[in-house]
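Enquirer: Pasting the sequence and the predicted model now:
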Amino acid sequence: MKETLAKIGKAFAFEGTIKEIRPLGEGLINDTFFVETEGDSPNYILQRKNKNIFKDIPSMMDNIFRVTTHLKNKITAQGGDPLREALTVTPTTDGKLYFKDEENECWAACLFIEDTITYQYADSPELATQGGKGIGKFQAMLSDMKEPLADILPGFHNMRFRFEQWDDVLKKDPAGRKAKVQEEIDWIESRREEMLGFWAKVETGEIPTRVTHNDTKISNILFDKQGNVLCVIDLDTVLSSTCLNDYGDAIRSYANAGKEDDENLDNVYVKMDIFEGYTAGYLSETKGFLTQSEIENLAFSAKYITFEQVLRFLMDYIDGDNYYKVKDDTHNLVRTHAQYKLLQSMEENYDKMCAIVTKLVK
Ligand code: GN1
Ligand code: MG
C-alpha cells in the first residue's frame, strides 16, 4: 500500500517533497489519507473516492470545483481567507481534478487546513450556534449560484427513491437477514406515508430546491481554536436539493447525546439545548431568504433525515453490508438501533422543537 500511495502522490501537483502518506479519519464511504510534506510546504488530504457509490467522479469533482470557486470569490469579496475558509482542490500534474490509477480507482486531493478542531458531537450550545451559522452562511453564499450542478447521486435524500430501493432489497432478501429484523422493518413501514408526505412537498415545489451540502454532520465542519466555524468540508454530495435536509442532518449529529453507532441506547437522545443553539445560529443567517414553507418544515426535517438514516442502515444490513464500511456483521444493525432511538426521542420532543423554531424566527 505504501508504494501505491507514493506513486499516487506523485500524480498530484503538490508543493514540496512528500515525507509520508498515512490514513486519516473515520469516513463511512471513501478512504482518506494525510499527505505530510517536508519543511514549510503545505500538507494535503488525499482521498480514494468510492466508485461503487460515486458512479460519475468527473462530474462530482466538477461540482466541487464550481462550488469552491463560487465560495472563494464570495469569501475574498468579504475580506476572508479563501485558502482557509473554503476547500482548495489540488489538481494532478497534468491539470485534472482527479487521478485514475491502474486499477481504475479515482483519487482526488485538496489542501490540508492547519490549526483546526473537529467534533463528533456538540459539547455546548455555543458551539452548536457557531455550527448553525456556518451551514447557514454556506447556504447563503451559494444561494445565487446560477448554473445547475450535475445530479451525481440521483435520489440521494429523496424518500420515494429510498423506498423503491427498500422495497427491492426486501423482495430479494439477498443475505437472508430479513426474518431477523421484522420489528425493525415495522419501524420503517409505520412511518412510510408520513415521510413520503414531506418529500411530496419538495416534488411539488412547495419546498424549494437550492444548492446544498447534503452531509452536514458535525465532523464535516472545521472549527477554529476560538470555536468559530472555519470551513465546511466533504463536498462530495453538493447537489441541488432542499436546504432543510442540511439543517436536519446537522441536528442528527450535533444534538445526539450518544454516538451514531452507540451500543448503549441510554446514551442516545436529542439534547434540546443543543437543538436550540444550532437552530438559533442557523436561522440568524437564513431567515432572510427561507420561505414560510421552509420555516414550517424545519423541525420536521430533523425527523426526516434521522428516519432516512435508520432506513439506509437497516437496508444495508438486510442487503448484506454493501454500502457502508462496517467493523463486523452487526454494525449496521447497531447503527439502525441507535438512530432509531434518536428518532423516537425527536418524536417525543417534536412539539418543543416546533415551538423553539417559532420563537427564534420572530
Ligand atoms: C456517509 O462517508 P461519510 O461519513 O461522509 C453518507 C451520508 C451518511 C453518513 C452517515 C455519500 O457519509 O449520507 O449520512 O455516512 N454519505 C454517502 O454517517 O452516502
Ligand atoms: Mg460524506
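Expert: Nice, I can see it. Ligands and ions are numbered 1, 2, ... in the order given.
Enquirer: C-alpha from now on. contacts and neighbour counts both.
Expert: OK.
Enquirer: Return the residues of this protein in contact with ligand 1.
Expert: Neighbours of ligand 1 within the chain, by Cα under 6 Å from any ligand atom: G27, L28, I29, D215.
Enquirer: Next up, the contacts around the residue nearest the centre of the chain.
Expert: Closest residue to the average C-alpha location of the chain: D215 at 1.2 Å, with Cα atoms, centre = their mean. Going by Cα atoms under 8 Å, 6 or more residues apart in numbering, D215 touches D234, T237, D246, D249.
Enquirer: now do L265
Expert: G258, H337, A338, K341.
Enquirer: Among these, which one has the most neighbours?
Expert: Within those, neighbour counts (other Cα atoms under 10 Å) peak at A338, which reaches 25 neighbours.
Enquirer: Show me where the protein has its strands.
Expert: 18-23, 31-37, 44-49, 89-90, 99-100, 106-111, 210-212, 221-223, 229-232, 239-241 (DSSP state E).
Enquirer: which residues touch the residue of the stretch 51-200 of the chain found nearest ligand 1?
Expert: Nearest to ligand 1, among the residues of the stretch 51-200 of the chain, is I53, at 6.8 Å (Cα to the nearest ligand atom). Counting by Cα under 8 Å, 6+ apart, I53 touches Y323.
Enquirer: ditto for G155
Expert: Contacts of G155 by Cα under 8 Å, 6+ apart are F161, R162.
Enquirer: what about it, distance to M346?
Expert: In this view, G155 and M346 are 24 Å apart by Cα to Cα, to the nearest Å.
Enquirer: can you check G79 too?
Expert: From G79 across to M346, the span is 39 Å (Cα to Cα).
Enquirer: How about T358?
Expert: In terms of Cα to Cα, T358 sits 17 Å off from M346.
Enquirer: The two: which has the busier surroundings?
Expert: Using other Cα under 10 Å as the criterion, T358 and M346 rank with M346 on top: 24 against 13.
Enquirer: residues contacting the more buried one?
Expert: Y269, V270, A302, K303.
Enquirer: And for the last one, the neighbour number?
Expert: Meaning K303. The burial count for K303: 24, using other Cα under 10 Å.
Enquirer: My read is that it contacts S345, right?
Expert: No. In this structure K303 lies outside contact range of S345 using Cα atoms under 8 Å: 9.5 Å.
Enquirer: which one among the contacts of L265 gets closest to ligand 1?
Expert: Taking Cα to the nearest ligand atom as the measure, ligand 1 lies nearest A338 of those, at 12.0 Å.
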